[in-house]
Every structure is written in structure tokens, then in C-alpha cells.
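J.: Could you work out the structure for the sequence below:
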Amino acid sequence: MLLIHPPVSKPCEPPAGIARLCGALKHRGINYTVLDANIEGLLFLLNSSPGSSDTWTTRALRHLSGHLDSLKSWEAYRDGDRYRRAVNDLNRLLKMTSSASGVRVELANYEHDTLSPVRSMDLIQAAENFEGNPFFHYFKKKLSEIFREQPPSLIGFSINYLSQALSTFAMIGFLRQDYPGVKIVLGGGLVTSWMRRPHWKNHFQGWVDHLVAGPGEGPLLTLMSVSEAGDIPYRPHYDSLPLKDYFAPGLILPYSASSGCYWNRCSFCPERAEGNPYRAIPEDKVIDHLLHLVQKHKPVLIHLLDNAISPSLMNAISEHPLGVPWYGFARITRHLMDQDFCIGLKQSGCVMLKLGLESGDQSVLDHLHKGIDLEETSIVLRNLKKAGIPTYVYLLFGTPSEGAKEARRTFDFVVKHHECIDFLNLAIFNMPIYGTEARPMKTEAFYEGDLSLYTGFDHPKGWNRLLVRQFLDKEFKRHPAIASILRRDPPVFTSNHAPFFTKAGRMGDE
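T.: Residues are numbered from 1 along each chain as shown. You can find the predicted model right below:
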């Protein structure tokens, strides 16, 4: 069994989904090999960078080794300018190295000049013309070595982002040509979303043998002719991954304590639209898993991947500290209105909470069924500030219930609370193609492709994407208080590296 994490996604932490699959296979005594083709492929391209006559590329190539070393130590995180220079230079080298293939590769992105990951025919074309993929020389050599040493009978790809899709199919095309007998299975978050689209049709027969929607542990064990012994929360296994290669000042250990969302009421939520149920690992088992992994791997940071960390899990971590800094997404709930609760989180090692506020207008929040009260949010933000827990606040503009007036109320809310907000993520709303909320809307093509997850729509208040973008660029981002917050955001790695730029998150910098 060979498990592959394909390029491209942020190369700052090991793939959690692959680690969970490894845990299930190990628990059942099944031999497997893991290939993180993302981190290995990106490093291959960086070290294959050709010489150039332009000053930027020449400088970036000269400092390549130093940039890589600084991002894997605390050095770059002590100096924001140095960090940005390292990230921008690495992106420059990746773009220059991949441009001959008609592709723009970056540390967290992959764009082809003509092929789209939301068109199944383009994915098949990527498989047919695999030699044109910028990672071809890497994966041809690597996969050939694996087959020479211990040929796998089954290969699983985990695809979570559109930026991984075209390279995944290029690798599949190579495998189908050179190793036609191997069985190929596709899973991961993106594949789950594809398969739960209305009128889903599998166009990949002949290329892919099995497609898996949802958690992959059970289906994978079944494919390996092993019966799954109930709903076991397998402990993730990271040993087979290149833990020292990721771009972070030590290991960031990702862990999912649940799938789905315990709130599960928000309008336009993909989890609800796709029918993903909420499944949580018991808190005592989560603590047991994390304490074991901390002792074994000595991470500098734990990344809790839950859509929203439940208050009960927060309480469990407060009562049983992990001894390592941690962060993750949390709903804005009344638990966080309790100053002692926030102090307990801080003392347990919480170095940042990501908060999906979405809007600073109460009517918009009510229409979105967020279950968020703005007066309570003010108290929560101040409590977290007093407790010393930085916040990474997510805002969503252009929802059907928002117009210019409501957007400016969000502007006012952020300005009023700017001292309690450490980082901001600004997003423009995309209408999910499969949600019930889209049915009464007048819709239009958003991405032209049979695998598109979103649809365009006629905004009921005329607050279209162009107007939203103009508002953000010309008004929102220009306010000095907001501009100061936005400047703090680490380029490319954003929230994944943000804890390292806070005083709380520098606990491991000794």
C-alpha cells in the first residue's frame, strides 16, 4: 500500500489525513509506504531552479539555502521583513522554474495556463500529457524507485485542494502507463465535495479504480480485505513522513478531534450541504492521543483542525494541559465570555484562536444562522485580549443578506475592536452550487466546469463581487487601524504561521 500526498499545498506541516490513514493501517498490521510528494516535489523544483539574468531570481537563487534554513528555524520568525523576503524569493524561484511548463507553481498554489481543476476533461488531459507537468521528473524518479524496492498493489491519493488536482492526475497518468496493473484510489476533502455534488457522474473510469467520499479509514481497510472493527478513533501515525523537512521552526502537529461541525446550522455551509455528520472523538481519547504524540514527536505547536473546537474539548485541554502551544478554530460562544475560562485556555497553552465572525452586522449574522451575538462578541474579544490569547478573525463579504450599509457596519465593528484583533482574513462570498439556499436565487456560471463547487448569482441587493472588491480595496483596507492588522499576516502561510509571530506563540523560541 502506497499513500501519496500530492502537490501543491502549504508545506508547513505533515498531512493530517494521510497520518490518520497510517494510524488505521498500522493498527490493523498492514504494511504501507508514505510519499509526501508535496514537500518533496517543491524542494525538488527549488533545487532545480535554473540560472537567470534578472536580479530578483539571481538573488533568490543565491539565498535559497539560507531561506530554507531560516524558515525551518526561529530565525525568520523574529524578523517579519526577513520572513517575507524568504517566502517571496521561494515563490519567485518556483514560478520561474515551472513557467516553461505553462504552469505557475507557488508554495500554496498551482495554476495552469489552459487546464482547470474543475473540468474533468482537463484532469484527464493532465493524465494523458503527464510529461508536461513541472513535477514530472521528480515523481517519475521517485515512483520508479518505490516500485523497484517494494511494488505496491494499491495506491491512494488524498486530495483536499484544487491546487493538488492536476498534479495528482499527472501522476496517475504516469502510473497507468508504466504500472498499469496497480489499483488507484482517490479520497480526501475535494473528492468528497465532488462526489456529493448534485448529479455527480464519475468521468475517471479507466484512470481511477475507486473513489472515496468522507473519512477514508474504513473504505481503505475494506479495499485491503480487512474488516473494520467498529468506529475506532485511530491514533494518527506520523513516523513515515519527513517531519524535519516542513517549513516551520519545529514540527507543527495537526490533529482532528472531530469531523463535521457541532453547530451545523450556518447557511451556505459546505459541511451541512454535503450532509457530513458531526463525529467527535471522546475527549479522554483526544487527550490520550495528543499526550502520546507530544511525547513522541516533541512538536513546537499543535494545530487542532476541527471546524470548531467544542467547548467541552477546550475544557478538557484546560484540565489536562498538553505541555505544548496549540491553536485552532473556535465558535464565538458564551463560554468565552467567562474570563476564567479564557485564562484557563491561556494557561493550557492556547496561543491563538481563529474566530469565524463573518460580519459585524447583526442582521447579516441572523440571516446566516451563525448563532453569534455582536454584544457578546465584543466581550469575547476583550476577554481573549486580557487573557493574552491572540485572535485571527475571519470576515465574509458579499453574502446575499449583506449590502453596502451592512458591510460598513462590519468596517465600524472592526475599527472599534481593532486592539483586540491580531489578524484578519477577508473573503468574498462564493455561493455553493449544491446548497438549498441557492435554489431561490438567480444563478449563473461561476467556474465553467462539471466539477465546480460554486455558482454565480444575482445579488438581491446589487452588492456584487466587483463592488465588494472595490469597497475592500478602496475603503476597508485603507483605514490605518485595519491596515496595521493586515500587515501582520504572514504571506502565503497566513494562519498556519501566524502563532509564531505572536508573543504567546514564541514559547518554543528559546
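J.: Longest helix of this protein, counting residues only.
T.: helix 80-98 (DSSP state H).
J.: Following element in sequence after it, please.
T.: Toward the C-terminus, helix 80-98 is succeeded by strand 103-106 as the next helix or strand (DSSP states H and E).
J.: Mind giving me the packing neighbours of the next helix or strand after that following strand?
T.: Downstream of strand 103-106, the first helix or strand assigned by DSSP H and E is strand 109-112. When contacts are defined as 3 or more C-beta pairs under 8 Å, 6 or more residues apart in numbering; DSSP states H and E, strand 109-112 sits against strand 103-106, helix 162-178. C-betas here are computed from N, CA, C, even on glycine.
J.: Using JSON lines, please lay out the ones you listed together with mean neighbour count, mean pLDDT and distance to residue 329.
T.: JSON lines is the format used below for the helices and strands packed on strand 109-112 (neighbours: other C-beta atoms under 10 Å; pLDDT from 0 to 100; distance: least, C-beta to C-beta, whole Å):
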{"stretch": "strand 103-106", "mean neighbour count": "22", "mean pLDDT": "98", "distance to residue 329": "25"}
{"stretch": "helix 162-178", "mean neighbour count": "23", "mean pLDDT": "99", "distance to residue 329": "21"}
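J.: Reformat those as JSON lines; add distance to residue 6.
T.: As requested, the helices and strands packed on strand 109-112 are exported to JSON lines (distance: least, C-beta to C-beta, whole Å):
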{"stretch": "strand 103-106", "distance to residue 6": "13"}
{"stretch": "helix 162-178", "distance to residue 6": "4"}
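J.: Of all these, which one is nearest residue 327?
T.: Taking C-beta to C-beta, helix 162-178 is the member of the helices and strands packed on strand 109-112 nearest to residue 327, at 23.2 Å.
J.: hey, where'd the helices end up in the stretch 1-150 of the chain?
T.: 16-27, 37-47, 55-62, 64-71, 80-98, 120-128, 136-149 (DSSP state H, counting those that start in this stretch).
J.: Would you mind extracting the C-alpha trace of the longest helix of the chain into PDB?
T.: The C-alpha trace of helix 80-98 is given here as PDB (Å, rounded to 0.1, in the frame of the first residue of the first chain):
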ATOM      1  CA  GLY A  80       9.000  40.000   9.600                       C
ATOM      2  CA  ASP A  81      10.900  41.500   6.700                       C
ATOM      3  CA  ARG A  82      13.300  38.600   6.600                       C
ATOM      4  CA  TYR A  83      10.400  36.200   6.600                       C
ATOM      5  CA  ARG A  84       8.600  37.900   3.800                       C
ATOM      6  CA  ARG A  85      11.700  38.100   1.700                       C
ATOM      7  CA  ALA A  86      12.300  34.400   2.200                       C
ATOM      8  CA  VAL A  87       8.700  33.400   1.200                       C
ATOM      9  CA  ASN A  88       8.600  35.800  -1.700                       C
ATOM     10  CA  ASP A  89      12.000  34.600  -3.000                       C
ATOM     11  CA  LEU A  90      11.000  31.000  -2.800                       C
ATOM     12  CA  ASN A  91       7.800  31.800  -4.700                       C
ATOM     13  CA  ARG A  92       9.800  33.600  -7.300                       C
ATOM     14  CA  LEU A  93      12.100  30.500  -7.800                       C
ATOM     15  CA  LEU A  94       9.100  28.200  -8.100                       C
ATOM     16  CA  LYS A  95       7.300  30.400 -10.600                       C
ATOM     17  CA  MET A  96      10.400  30.700 -12.800                       C
ATOM     18  CA  THR A  97      11.200  27.000 -12.600                       C
ATOM     19  CA  SER A  98       7.700  26.000 -13.600                       C
END
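J.: so what secondary structure elements neighbour it?
T.: Using 3+ C-beta pairs under 8 Å, 6+ apart: helix 80-98 touches helix 37-47, helix 55-62, helix 64-71, strand 103-106.
J.: Can you give me the distance of residue 24 to residue 218?
T.: Using C-beta to C-beta, to the nearest Å, residue 24 is found at 8 Å from residue 218.
J.: Run a quick check on residue 414 versus residue 484, I expect a contact.
T.: No: the criterion here is C-beta atoms under 8 Å, and residue 414 misses it with residue 484 at 11.4 Å.
J.: Show me which of the two is the more surrounded one.
T.: residue 414 (22 against 10; other C-beta atoms under 10 Å).
J.: Tell me how far the residue of the chain most remote from its centre lies from residue 66.
T.: Distance from the C-alpha centroid of the chain peaks at residue 53, with 35.3 Å (C-alpha atoms, centre = their mean). According to C-beta to C-beta, residue 53 stands 22 Å off from residue 66.
J.: Hmm, residue 400 and residue 459 touching each other?
T.: Yes: the criterion here is C-beta under 8 Å, and residue 459 meets it with residue 400 at 6.6 Å.
J.: How about the longest helix of the chain, which residues are buried there?
T.: 82-83, 85-87, 89-98 (16 or more other C-beta atoms under 10 Å).
J.: quick one on the thing from earlier: for the residue farthest from the centre of the chain, list the residues it contacts.
T.: By C-beta atoms under 8 Å, 6 or more residues apart in numbering, residue 53 lies in contact with nothing.
J.: What pLDDT does the model give it?
T.: Looking at residue 53, its pLDDT stands at 75.
J.: Could you report the pLDDT at the closest residue to residue 56 other than its chain neighbours?
T.: Distance criterion C-beta to C-beta, 6 or more residues apart in numbering; nearest residue to residue 56, sequence neighbours excluded, is residue 92 at 5.7 Å. For residue 92, the pLDDT comes out at 96.
J.: Strands of the stretch 301-450 of the chain, start to end?
T.: Along the stretch 301-450 of the chain, counting by DSSP state E, counting those that start in this stretch, strands occupy 301-304, 326-330, 350-358, 391-397, 423-428, 431-432, 443-445.
J.: Which one of the ones you listed lies nearest to residue 376?
T.: strand 350-358 (11.3 Å).
J.: Tell me where the model's unsure across this structure.
T.: Scanning the chain for pLDDT under 70 picks out 228-231, 435, 438-439, 445-447, 504-510.
J.: mind listing the strands in the stretch 151-300 of the chain by residue range?
T.: 154-158, 183-187, 210-211, 252-255, 258-259, 279-280.
J.: do you know which of these lies nearest residue 387?
T.: strand 252-255 (22.6 Å).
J.: Looking only at neighbour counts, state which of residue 24 and residue 218 leads.
T.: Counted by other C-beta under 10 Å, residue 24 and residue 218 do not tie: residue 24 has more neighbours, with 24 against 16.
J.: so how far is residue 278 from that one?
T.: Using C-beta to C-beta, residue 24 is found at 20 Å from residue 278.
J.: what residues are up against the closest residue to residue 164 other than its chain neighbours?
T.: Spatial nearest neighbour of residue 164, excluding adjacent residues (C-beta to C-beta, 6+ apart): residue 6 at 4.7 Å. Taking C-beta under 8 Å, 6+ apart, we find residue 6 in contact with 37-38, 157-159, 164, 167-168, 171.
J.: out of those, who's nearest residue 192?
T.: So of the contacts of residue 6, ranked by how close each gets to residue 192 (C-beta to C-beta), first place is residue 159, at 9.5 Å.
J.: Now do the phi/psi pair for the residue nearest to that closest one when sequence neighbours are not counted.
T.: Leaving aside its chain neighbours, residue 159 sits nearest to residue 188 (4.2 Å; criterion: C-beta to C-beta, 6+ apart). The phi/psi pair for residue 188 (degrees, to the nearest 10) reads phi 110, psi 170.
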